[in-house]
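Novice: turn this into a structure:
(2 chains)
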Protein chains: 2
Amino acid sequence: NSLVGRIRLLLDNSQVWIVLLLAGLAAGLLAAAIDVATDWLADLKFGFCSTVDGGAFHLSKSSCCLGYEDHAQCQGWYPWAKAFGIYSGGGKWFLEYFFYVFLALSFAVSAAILVKEYAIHAKHSGIPEIKTVLGGFVIRRFLGIQTLVTKSLGLVLAVASGMWLGKEGPLVHVACCCANVFIKLFPSINNNEARKREILSAAAAAGISVAFGSPIGGVLFSLEQLSYYFPDKTMWQSFVCAMTAAVTLQALDPFRSGKLVLYQVKYSSGWHGFELVPFVLLGILGGVYGGLFIKANMRVAEWKKSTRWLPGPVTQVAIVAALTALINYPNHYMRAQTSELVSNLFTECAKIVDDQFGLCKTGAASFGTITLLIFAAVLGFFFAAVTFGLQIPAGIILPSMAIGALTGRALGILMELFQRAAPNFPLFLHQCEPDVPCITPGTYAIIGAAAFLTGVTRMTVSIVVITFELTGALTYVLPIMISVMIAKWVGDAFSRRGIYESWIHFN
Amino acid sequence: NSLVGRIRLLLDNSQVWIVLLLAGLAAGLLAAAIDVATDWLADLKFGFCSTVDGGAFHLSKSSCCLGYEDHAQCQGWYPWAKAFGIYSGGGKWFLEYFFYVFLALSFAVSAAILVKEYAIHAKHSGIPEIKTVLGGFVIRRFLGIQTLVTKSLGLVLAVASGMWLGKEGPLVHVACCCANVFIKLFPSINNNEARKREILSAAAAAGISVAFGSPIGGVLFSLEQLSYYFPDKTMWQSFVCAMTAAVTLQALDPFRSGKLVLYQVKYSSGWHGFELVPFVLLGILGGVYGGLFIKANMRVAEWKKSTRWLPGPVTQVAIVAALTALINYPNHYMRAQTSELVSNLFTECAKIVDDQFGLCKTGAASFGTITLLIFAAVLGFFFAAVTFGLQIPAGIILPSMAIGALTGRALGILMELFQRAAPNFPLFLHQCEPDVPCITPGTYAIIGAAAFLTGVTRMTVSIVVITFELTGALTYVLPIMISVMIAKWVGDAFSRRGIYESWIHFN
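Specialist: Numbers count the residues shown, from 1 in each chain, chains lettered A, B, ... in the order given. Model (predicted):
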C-alpha cells in the first residue's frame, strides 16, 4: 500500500511538472508566433514583400530586406504607392496615408469584432481579472480555449493597428489560458483549486518572461503583483515555467537577432553623479504621470459607464483607431510601432546606423526633436487613457514605457544641450571629460520608462529586475532603483491603488 | 496631530532605509576589503612584492605584476626562494614548500585564536544561526561589533590559509553584523523585533549579493533559505540593500577586472542535445555527493562531541591546516586558492592564455588530467567534511562548488575524449560539426558546481539564478535547471535536511 501510495504521489507530482513544462513551451511558441505575425501585419500598413527579390507576401519588411544594410535599397519591398505605380510626392503621400489609416482601422475593427463575437473575456489586459482569479474567485470562460485563440489573434491585430497599447499584459493572460487548457487534461489537478492557482501564477511568470525576455523578472512580477500566497514550491515552479518559456522563445528567435525583445540594449558608457538630479526628476514625473493617468483612465471608464448615448464597443474601437491612425501617420515618432519607437529611444546615438527618427540631431535642431518628443508623449498620454478600456486585447505596460521613454529622451537631449552649451558650469566641471560625449540620452529614456511604468503599476522589484535584464549590466541599476522608488512614493501620494487595483475596484 | 504623526512616520520609515543603505554600503566595502586582503595574504604563501619594479610589500602578485602578460617575467615579484638566494631545484622546492606550509598554518592558527579569544560566534558559516535568529530566537553577541571585526579578520586569515572553506556563507554573517551595528543606532528599530528581522534578511541578501556578484540571487537566497515570512515590502528592502552592496563592490573593483567575482565566465558556444545525458549524471552525482557529505560532516561533528580526549579547538585547526597545506602543495590543483581553481575550471580552453593547471591538454595526456581532477575532488570531499565545523570562519558553499566543478570538468574532458575518439558514434553524429570543438568541458564544471551545491544546501531557485548571473546568458539555464532539479530530488532521497538544517538540528 505504501509503495502504491508513493507511486501515485510521484505520478501526481509529475503531472504538475508536465503541465508547467507544456505551459512554458506553449507560452514561448505563442509569443514567437505573435511577434512574427504582428511584425508582418504592422509592416503591411506601409507596403508588402513581393516575390521580385526572392521574397514572399507573408514576410515582414525586415525579413524581406534581410541582408540589406540600408532598407531604402531593398528591391523586394513594395510600398503601396510603388505597387500602384504612383511616384509623385503628394499623391504618394496621400495614397500611403490612406492605406495606413485604412489597414489600421481594419485591423482594430477585426480585433473588436473577434472579441465581441467569440470571447468577451479576451478584452483588456486581463491582469486585473487574473489577480481576481488567483484571489480565489471564479470567472467562467475567462481562461478557456476560446479566449486563448481570440486573445492571441485579437492581440496580433490590435498591436498591428498601431494603437497605443501593448502586448505585455495580454501575454500574461495568454500564458495563463495555455496553462488552464493543459490543466483540464489532468482531472486530479483540475479538481484541486490550490494546485490550479499555483500553476496559474507560474504561467503568469512565463507570460512576463516572454514579454520582456526576463524570466526572473517574471517570477518576481508574479510574486509581487499577482499572488497572495507564494510558498517556496510555487517559486521553483514559476521559475521552471518562466525559464522554459524564455528558452523556447530564444530557440525560435522571432526577431532573427538573438534578442528576446526588440528593445534590449547595451550601454557603453556610465553615468555621472550630477545626473542623479534629472534621474530624480524623472522619478517624480513618473509618479505624477501614474497618478494622473490612473485618474484620467478611470474618469473615461466612469464616463463611458454613465453615458447612455455612446455607440457600441466596435464603433468605439473604430473611432479611436481611426483617430489614432490619422494623427499617428504625420507624426514621425508615432507612425512606427510602439516597440520600435521604444527600441530607438533606448539606443545610444553612437550605435544608430540610420537615424530614421532624427533623435541624434545636434545643435539647434535638437530643440525641434525635444518639441516633437514632448508632443508625442502628451498625445500618447491621451490616446493610452482612451484606449486602455476599449473592448480589444490591450495592455498598458508598453504605452507607459513609451511615454516615459519619450519624456526621458527629451530630458536627456535637454541635458546634453545644456552641458554642451555650458561645459564650465560647476555641476559638470569635474565630471565630464572634454571632447567626449558626456551624457547618453538613451539612458534617460530607459530610466524614464521604468519610472513611468512604476507610476502606473506601482510595482518596484519586478520593474527594476526587468530593466536590469533588458540592459544586462549593473551600471544603471542604482539610478533606475532611485527613480523607481521616487516614482512609487509620488504615485502613492496621488492614490494608493495602481492601475490594476483601480480596475478591480471599478468592476 | 495628523501632520506630526505623518512626519514621525516619515522619519521612522526613513530610518529603515538609512540602515539598509548603510548596511549595503558596509557589506560592499567589507567584501572588497576582504577580497583584497585575502588575495595579498594568499599570495604571501608563495612570495612577496618587492619595491624593485615600483611595487610595494602590501601588493598581491596580480597587483604587483599588473601589466605583465606572463607572470613569470614579472621582476617585482619575489618567490621566497629567490628572496633567500636559493636557485637549485630541490632546495628551492623545499624552501617554498616550507614557507607555504608555515604561513598557511600561521594564518589558520591566528584565525582560530582570534575566534577563541574575541568572539566565539565568529566560527563556522553562521548561516544556520542566522536562520535561527530570523526564526525568532535571540543569540547574544552573535551579531555584535566584536563578532563583526573578528569574523572579517578571521575570514581573511582562514581563506588565505588555503584550507577547504569558502567566504560566501561567512559574508552573509558579516553583512548581518553590519546591519545590526547600524540598527543599534536607531532605538525605534532596535526595539522592534519584526522590523529588525526584516532588515537582517535584507542584509543577508546583500551578503550573497557581494559573495557572488549576484544581487537578485541574494534576494532569492534570503527568500528561499532564510526567511519564514517574506512580504512584498521586505523583498523591495532586500533588493535595495543587495543592489547597494553590489554597486559598491563594483565601484571598488577589488580584482581590477570589472568582475564582481573571480569566477564569472562567458561561454562562446552552446550545448547539444546528447549532452543532457552527462548533465543528468552530474545532477545525480550532485545529489549523492550532498547526501554523503552531510552524513560525513555530521558524523565528524558527532564524533567530536562524544570524544573526550580530543585536543582543544585551536590545535584541531592547526592539525587540519597543516595536513591540508602539506597535501595541497604537491598537488597542482589544490595548491592554488579554491576560487582561482573554480575560475580556471569554469573557463573555456579557447580563452585560457597560460594553462597553469594543465586543464587543456589533449589526447593521452588528458587521462592524467582526469585522474588528478578526480583525486582532487575526493581529497576535497574529506578535507571539506573535516574543515566545516572547526572553530574558524568557514563556509561550505565554495568547497562544494569546487568539488562539483572538479567532477564536472573531469566528466567533460572524458566526454570530449570520447567524442574525438568516436566522432561517428550515433549519439554525436548529427549534432557535432566536424573540425570544430564540440564539447566545452568548462560548461560541465559550472553545471557540476551548481548540482553539487544544490545537493548540499537543497536550494534551487537561488542557485540557478546565481549561476545564471555568473554566466550572464540564457544559453546554459536549461541544463543547469535540469541538473539542479535532479540533484535536489536525489539529495532529498538521502535525507530531507540540507546541511544548514542538519546543523540547526545538531545544536
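
Novice: contacts and neighbour counts: CA atoms only from here.
Specialist: Noted.

Novice: how about the secondary structure of residue A:164?
Specialist: Reducing the assignment at residue A:164 to three states with DSSP: H, G, I helix; E, B strand; the rest coil gives coil.

Novice: count the residues that sit near it.
Specialist: Residue A:164 has 31 neighbouring residues, counting by other Cα atoms under 10 Å in any protein chain shown.

Novice: so what's the residue count around the residue lying closest to it once chain neighbours are set aside?
Specialist: The shortest distance from residue A:164 to any residue other than its chain neighbours is 5.3 Å, reached at residue A:384 (Cα to Cα, 6 or more residues apart in numbering or on different chains). Residue A:384: 25 surrounding residues under other Cα under 10 Å.

Novice: which helices and strands does the host helix or strand of residue A:287 pack with?
Specialist: Element membership for residue A:287, per DSSP states H and E: helix A:276-306. Applying 3 or more Cα pairs under 8 Å, 6 or more residues apart in numbering or on different chains; DSSP states H and E, one finds that helix A:276-306 contacts helix A:365-387, helix A:397-421, helix A:441-457, helix A:477-494, helix A:499-506.

Novice: what sits against the residue in the stretch 401-507 of chain A positioned nearest to chain B?
Specialist: Distances from the stretch 401-507 of chain A to chain B, computed as Cα to the nearest Cα, single out residue A:461 as the nearest residue at 5.7 Å. Counting by Cα atoms under 8 Å, 6 or more residues apart in numbering or on different chains, residue A:461 makes contact with A:220, A:221, A:224, B:235, B:236, B:239.

Novice: may I ask which two of those residues are separated the most?
Specialist: For the contacts of residue A:461, the maximum inter-member distance is 13.7 Å, found between A:221 and B:239 (Cα to Cα).

Novice: when the two are compared, which one has more neighbours?
Specialist: residue B:239 (29 against 25).

Novice: residues contacting the more buried one?
Specialist: Taking Cα under 8 Å, 6+ apart as the criterion, residue B:239 is in contact with A:461, B:202, B:205, B:215, B:216, B:219.

Novice: the fourth one and chain A, how far apart?
Specialist: It stands for residue B:215. In this structure, residue B:215 and chain A are 9 Å apart, going by Cα to the nearest Cα, to the nearest Å.

Novice: tell me which element the closest residue to residue A:34 other than its chain neighbours falls in.
Specialist: Leaving out its chain neighbours, the residue that sits closest to residue A:34 by Cα to Cα, 6+ apart is residue A:156, at 5.9 Å. Counting by DSSP H and E, the element that carries residue A:156 is helix A:145-160.

Novice: okay, that helix in PDB with CA atoms only?
Specialist: Backbone C-alpha positions of helix A:145-160 (Å, rounded to 0.1, in the frame of the first residue of the first chain) are rendered in PDB as follows:
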ATOM      1  CA  ILE A 145      -9.500  27.800 -25.100                       C
ATOM      2  CA  GLN A 146     -11.900  30.100 -27.000                       C
ATOM      3  CA  THR A 147     -10.500  33.100 -25.000                       C
ATOM      4  CA  LEU A 148      -7.000  31.900 -25.800                       C
ATOM      5  CA  VAL A 149      -7.500  31.800 -29.500                       C
ATOM      6  CA  THR A 150      -9.400  35.000 -29.700                       C
ATOM      7  CA  LYS A 151      -7.000  36.800 -27.400                       C
ATOM      8  CA  SER A 152      -4.000  35.700 -29.500                       C
ATOM      9  CA  LEU A 153      -5.500  36.700 -32.800                       C
ATOM     10  CA  GLY A 154      -7.000  39.800 -31.500                       C
ATOM     11  CA  LEU A 155      -3.700  40.800 -29.900                       C
ATOM     12  CA  VAL A 156      -1.900  40.500 -33.200                       C
ATOM     13  CA  LEU A 157      -4.500  42.600 -34.900                       C
ATOM     14  CA  ALA A 158      -4.700  45.200 -32.100                       C
ATOM     15  CA  VAL A 159      -0.900  45.600 -31.900                       C
ATOM     16  CA  ALA A 160      -0.500  45.800 -35.700                       C
END
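
Novice: what comes up buried for the helix or strand hosting residue A:101?
Specialist: Take DSSP H and E as the rule and residue A:101 turns out to sit in helix A:89-118. With burial defined by 16 or more other Cα atoms under 10 Å in any protein chain shown, the residues of helix A:89-118 counted as buried are A:92, A:96-116.
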